[in-house]
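1. prediction below, plus the sequence it came from.
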Amino acid sequence: MKLNLRLGKNWIYLPLVFMAIFYLIPMYLMVITGFKSFAEVDLKTMWDLPHGIAFDNFLEAFTKLSPSLWNSFMMVIPATLISSALGSLNGFILAKWKFKGADIIFPFILFGMFIPYQSILIPLVQFMSAAGIKGLAGLVLAHVIYGIPITTLTFRNYYASLPQELLEAAKIDGADMLGIYRYILLPISIPSFVVVLIWQFTSAWNDFLFAVILTGNKEWPITVALNNMAGSQIIAWNVQMAGSLLAALPPLLIYIFLGRYFLRGLLAGSLKG
Amino acid sequence: MMKMLRDKDRYLSVILISPSILAVLIFIYGFIAWSMRVSLSKWKGLTADYTWNGLNNYINLFSDPRFHVDIRNTLIFTGVFVIGSILLGFFLAVFLDQGLKGEGFFRSLFIFPMAISYIVTGVIWRWLMNPALGSRTSGFNLLFSYLHLDFLKNAWHTTPNWGIAAIALAAIWQMSGYTMALYLAGLRAIPGELREAAQIDGATELQIYRYIMVPLLSPVTLSALIILGHMSLKVFDLIVAIAGKQLPLDVPAIYMWQTTFDGLFYGRGAAIGILLLLSVAVLIIPYIRYTLKTETEQ
Amino acid sequence: MFKKSSLYVLMAVLFIAAAILSACGGAAPATQAPATSKLAVGIVLPTKDEPRWIQDETRFKDALTAAGYDAEILFSQGDSAKEKANVEALITKGVKVLIICPQDGAAAAAAADAARAAGVKVISYDRLIRDTDAVDYYVTFDSVAVGAAQAQYLVDKASGTANPLYLYAGAASDNNAFLFFEGAWNVLQPKIADGTFVIKNSSEAVALQSKATLTRDEMGKILGQVTTNWDFNTAKNLAESNLTAAAAADKGNVFILAPNDGTARAIADAFGADKDVKSFVVTGQDAEKASVQYIIDGKQSMTVLKDVRTLVKDAITAAVAYLEGKTPEQTNTYNNGKIDVPAKPSEVVAVDQANLKAAVIDSGYWPASDFTGLDTMGAAPAPAKSQVEVFSWWTGGGEAAGLDAMIKVFAAKSPEIEFINSAVAGGAGTNARAVLASRLQAGDPPDSWQGHAGQELIGTYVAGKQIEPLNDLYTAQGWLDVMPKTLIPLISDGGNIYSVPVNIHRANVLWYNPKVLTDNGVAVPTTVEEWLTAMETLKGKGVQPLALGEQWTKMHLLETVLLGTLGAEKYNGLWDGSTDWAGADVKAALDNYVKVLSYANTDSASLSWQDAAQLVVNGDAAFNVMGDWAEGYFRELGKTPNTDYGWAPVPGTVGVFQFLSDSFVLAVGAPHPEAATAWLTIAGSKEGQEAFNPVKGSICARTDCDKTLFGVYLQSAMDDWASNTVVGSLTHGVVANDSWKSEIDTALGLFIADSNVETFQGALAAACKNSGPCK
């Protein structure tokens, strides 16, 4: 189960630390810039530490962002949960409960997501206003629907990699479709749910295009507020960095929290049982 | 009895999946059809104009020097970004799968870039990849000076013809962590018994990965390819945030955006969108079909 | 009730009335009169079936009883023969004056002739007897004035343009119906002609809408389509069929001319039930109890109160005058088809929620106890707090602060309007522009948005029919006198003015570092040649001559070099097609541009305009060409004018002011046109612009702003703006429409990549043909 080398596994830390530095460099810049004063922000001194630790920028950013924070949560949570649930169900059906034409439906669902969303904004706005779907509800709907292809893809391919025997055994025991889904596949889908939830949460949280076009200014989520902090002429990058770090905290907490569910051995148990 | 149960489930499966299909049909294919119609029109300006224009928008694009730049840039970007993210993501996942101390820290660190707004990602990478020379040297180039690695200094995204590859670097930074998560989930799903059996048969660790893990992970690779591929075809925000809208780093999505919303050439903009879609059809559909076929054979 | 001075007259009327009654025989007397009175005045009213005439009967009775007179009042019951019989009966009884409200204006002529033959004075009461010379006087409310009052109410309530208008009229057999309509037409027609209203339910009216005065025949044609026959059900059915025929786009906030209260209620019920009608303003007439309640409840907008007591009083005054051998006062005549009948029209009052209590209740016209909700009327029906949604790119720095300052002025002036600031940053990497374009395409516009004056406005929004003309606002606010003469044509198309400019920025500014120039012995260049020489010198001394940023700043540089090389006249010619893009002049300008570019920093593609401008104030570069918003940036960095940075016109453009201007527009189909107009009024006001510009770092579009509010740079810009030749900017939307500009941008991008001047010039010439005025 482990790389079984004489050196032990400690050598693995070498590439990991190296990569960690690569990931950390931009973040280091973000953090130090977030603590700098406006006048200190200069390309020439970008690597230098700030003159002092002051939380002014973070306070200012928080004041500007906090009104839209709640909107973001109201939108992201249902959008993430609904589209993940739909994706899991679709993936299960398309991978393990194939009906005639399922192998055509799958590419059909996938293919459409390659259309650049900017080119369908006009019919989207028209449809939403004709259907009378306004505000955050419309935004949730858009994220759910445009999330279907990726969530379906992820779950379908995960379920497809599971051995068919798993289901056959249950079928012989007389379990019906939903029973198999509920009691056999769902418990071992947790790692898949983790990646799908991470994806959906992040893309809905960071989405700007749908948010700004489908909601009014009282419902704008945090990305629009963040975007608006970058004024069109003079941008206080120090405050912007502080704001972005703050805005990235909820997804980070989700990653840390969900990361614990990258569990091993879920499947092993079910095979033995 | 069994047969009836099967039939009931068969209907149920169709019923359960149909809302998704209906939504995709309207919100994706319905709108694509609209876009396709616009691409065959002369629409220019804020007033909708569906005057028939045949394939002229498409034909003009193929002789448009800007579109040639776009195709080239997209190919380079997609190549670097997709391959880079998959390789990096895969190896990071394999490393993290070894049950190390601090796995949680590394995992969160690698995924974290995805959470950061592209405006800030863009400006950070703009600073990092500053190509200025002499006293104004900054970013990576300045760091290389500090470390006496001057041979690494380069013009980054202002490198003629290959600048887009530098942008792909920033995109890899942002997305390789997610690719890693995909693989990690895939690895964790592979039953330990399989490895153990192989080890008993005397396979080396490398052989186990080469002949057992990688084939078993091929659906994950397909997911990753499609997710990364669709991002690279649509890449827009990141490039604009790093380098503004400038022709050497132009890609179809930026051209589409600019020609539609800055220039109000709606017909041409729609044609670019449809071409992007069709190019995907050429590349991805055969691959998906192949994968589905091999799955069935297994 | 009567003035003392006319007391003796009234005594006479009392005597006459008494005489009438005493002579009264078989006809049922309406009033118990003293037996001694002599009947001198006979009154004939149309029917007892309508509440109005029963009220009149009561009021004649009350007026006469109060003064001690007698009169006999007979009803014709809708029958012209009965009417004639009533008149003859009264003549027989020896009346001297006949007050008659004819059932049918033409049919009553015979009765009038009979009265004339008997030497009886005929006062036509409220309705005119037609086609006879036997009418002595006409007591009436001025029906033309009633129609005018109704129409004026609609005009006062409307704002913006293309308000849907539905016309309804009375019975075509009633002369008054024509007069009401005529009065309304006189007021409405100019507002239909200027686009404020669009008639939705009468093709005949649409066909005649350019005629200021209509003949009776023409009105007859319109009435043929919109008559209610004064009938509740006819009105309701007509309104419903009009609504069925109308598209949703023809509904929304509608305006309805309804001729009287009964039909107004019927029509209001029909419009109120239609889901596409967001709001409606409906007129009425007569102040009927039911309609007064409708007004209290907010279901009918107004009524015209014709206080019948006034009419009764005027009728009796006229009768008395005749009896005394005098002629009643005359201010007007009405043609009855044969003669001009003398008259003095009685006064009418337009009543809506605002004056309902005073005009209807306090005057004693109706008692307060007849209505519900009178007390809460002031509060409850007050329209919901209005909003105005304004879309801009101003979210940060001085721009947002300036906008906030202007919003503050607005909030002080219009506290009832909530300002929805839909500002979305338009800076690098955002999709803000797509948001506006998509919302406009999808028919969901904000009330007002920010657009650059010039071709961005005219070639994009006006051409796309997305914004409304603002001529009325300009006239009302007197802006034509305070906005620069050079600016008006740039925001106008076809004689209409389309936006309210709030500021002026200068594009052709050369920023330099004074210390770097002095240290290297370089003077501020004024011509392109001097500039190139200066940059060569600086380059030789190892100084970065020119700081440049990403692609759009290169377009900005290009437009100033074009101006510097071609001069103002030929530069302007580029945009109207009179300067040849493929010609030698442009070639020379492009060659200059190539030379200028050769002095720019190599990392320009990676710098924002701020980064590039900062190089100058930091002493890392000598020159930078950027609009004067850069000055705001320098001040924000804490730099001092004339020490850390200096400015001059871009070489070759001395004496020319290349400008751009931000302006606000009114959306076609704005959800809140009134509030949007209120916002535009502030945006164009001196107070609004003086609040906005010093903070934003631009000068006022108005010419009368207080100069002392501005800093040293902006004061110099104000002087130049007033004295220089003014030309427009390309990069900032003034001279070329969006399509053209985007083609130039693509050509420039390709040129920067391949440095081929010939291809570039060819592409520029092609762009002018594709999207500009070139043939």
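-> All right, it came through fine.
2. helices and strands of the chain: which one bottoms out on pLDDT?
-> Because you didn't say which chain, this covers chain A. None of the helices or strands of chain A scores lower by mean pLDDT, DSSP states H and E than helix A:266-272, at a mean of 43.
3. actually chain C
-> That would be, for chain C by mean pLDDT, DSSP H and E, helix C:7-23 at a mean of 49.
4. okay, helices next: where are they in the stretch 1-150 of chain B?
-> Using DSSP state H, counting those that start in this stretch, the helices of the stretch 1-150 of chain B run over B:2-24, B:31-39, B:56-62, B:65-96, B:103-111, B:118-128, B:139-146.
5. please identify the deepest-packed of the ones you listed.
-> Most buried of the helices of the stretch 1-150 of chain B, by mean neighbour count (mean count of other Cβ atoms under 10 Å in any protein chain shown): helix B:118-128, with a mean of 25. Bear in mind the C-beta positions are built from the backbone N, C-alpha and C, glycine included.
6. now do that one against helix B:139-146, angle only.
-> 40 degrees (axes from the mean of the first three to the mean of the last three Cα atoms, to 10 degrees).
7. helix B:118-128 close to chain C?
-> Yes: judged by Cβ under 8 Å from any Cβ of the partner chain, helix B:118-128 comes into contact with chain C at B:118, B:119, B:122, B:126.
8. could I get those as TSV with pLDDT?
-> Listed next are those as TSV, based on pLDDT from 0 to 100:
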residue	pLDDT
B:118	81
B:119	77
B:122	86
B:126	87
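9. just the closest residue of the stretch 401-550 of chain C to chain A, please.
-> In the stretch 401-550 of chain C, no residue comes nearer to chain A than residue C:442, which is 3.7 Å away by Cβ to the nearest Cβ.
10. how about that residue, nearest residue that isn't a chain neighbour?
-> Leaving out its chain neighbours, the residue that sits closest to residue C:442 by Cβ to Cβ, 6 or more residues apart in numbering or on different chains is residue A:125, at 3.7 Å.
11. mean pLDDT lowest for which of the helices of the stretch 1-150 of chain B?
-> For these, mean pLDDT drops lowest on helix B:2-24, to a mean of 81.
12. which residues are contacting that one?
-> Identification of contacts with helix B:2-24 by Cβ atoms under 8 Å, 6 or more residues apart in numbering or on different chains yields A:86, A:89-90, A:93-94, A:97, A:99, A:105, A:108-109, A:112, A:144-145, A:148-149, A:152, A:174, A:176-178.
13. restrict it to CA atoms and write it as CSV.
-> The C-alpha trace of helix B:2-24 is given here as CSV (Å, rounded to 0.1, in the frame of the first residue of the first chain):
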residue,chain,number,x,y,z
MET,B,2,-37.7,-10.1,-10.9
LYS,B,3,-38.6,-9.1,-14.4
MET,B,4,-41.3,-6.8,-13.3
LEU,B,5,-39.0,-5.2,-10.7
ARG,B,6,-36.4,-4.7,-13.4
ASP,B,7,-39.0,-3.0,-15.7
LYS,B,8,-40.2,-0.8,-12.9
ASP,B,9,-36.6,0.3,-12.2
ARG,B,10,-36.0,0.9,-15.8
TYR,B,11,-38.9,3.3,-16.0
LEU,B,12,-37.9,4.9,-12.8
SER,B,13,-34.4,5.5,-14.1
VAL,B,14,-35.7,7.2,-17.1
ILE,B,15,-38.0,9.3,-15.0
LEU,B,16,-35.3,10.3,-12.6
ILE,B,17,-32.9,11.4,-15.3
SER,B,18,-35.4,13.2,-17.4
PRO,B,19,-35.5,16.5,-15.5
SER,B,20,-31.8,16.9,-16.0
ILE,B,21,-32.2,16.0,-19.7
LEU,B,22,-35.0,18.5,-20.1
ALA,B,23,-33.0,21.2,-18.4
VAL,B,24,-29.9,20.5,-20.5
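14. report the buried residues of stretch C:465-473.
-> Across stretch C:465-473, burial judged by 16 or more other Cβ atoms under 10 Å in any protein chain shown covers C:466, C:467, C:468, C:469, C:470, C:471, C:472, C:473.
15. burial of the closest residue in space to the third one that isn't next to it in sequence, as a residue count?
-> The spatially closest residue to residue C:468, leaving aside those adjacent along the chain, is residue C:666, at 4.4 Å (Cβ to Cβ, 6+ apart). Residues within reach of residue C:666, counting by other Cβ atoms under 10 Å in any protein chain shown, total 26.
16. residue C:666 contacts residue C:448, correct?
-> Yes: with contact defined as Cβ atoms under 8 Å, residue C:666 and residue C:448 form a contacting pair (5.9 Å).
17. let me know the pLDDT of the closest residue to chain A within the stretch 351-500 of chain C.
-> For the stretch 351-500 of chain C, the residue closest to chain A is residue C:396, as judged by Cβ to the nearest Cβ, at 1.4 Å. The model reports residue C:396 with a pLDDT of 75.
18. from the residues of helix B:118-128 next to chain C, pick the one nearest chain A.
-> After measuring those against chain A - Cβ to the nearest Cβ - the closest member comes out as residue B:119, at 5.6 Å.
19. would you agree the closest one is in contact with residue A:243?
-> No: with contact defined as Cβ under 8 Å, residue B:119 does not count as touching residue A:243 (9.5 Å).
20. tell me, what's touching these two both at once?
-> Common neighbours of residue B:119 and residue A:243, using Cβ under 8 Å, 6+ apart, are residue A:226.
21. what sits against residue C:651?
-> C:510, C:525, C:526, C:527, C:528, C:530, C:531, C:564.
22. the one residue in the stretch 51-200 of chain A that gets nearest to chain C: what's it in contact with?
-> Chain C sits closest to residue A:125 of the stretch 51-200 of chain A, with a gap of 3.7 Å, by Cβ to the nearest Cβ. Applying Cβ under 8 Å, 6+ apart to residue A:125 gives the contacts A:213, A:214, C:438, C:439, C:441, C:442, C:444.
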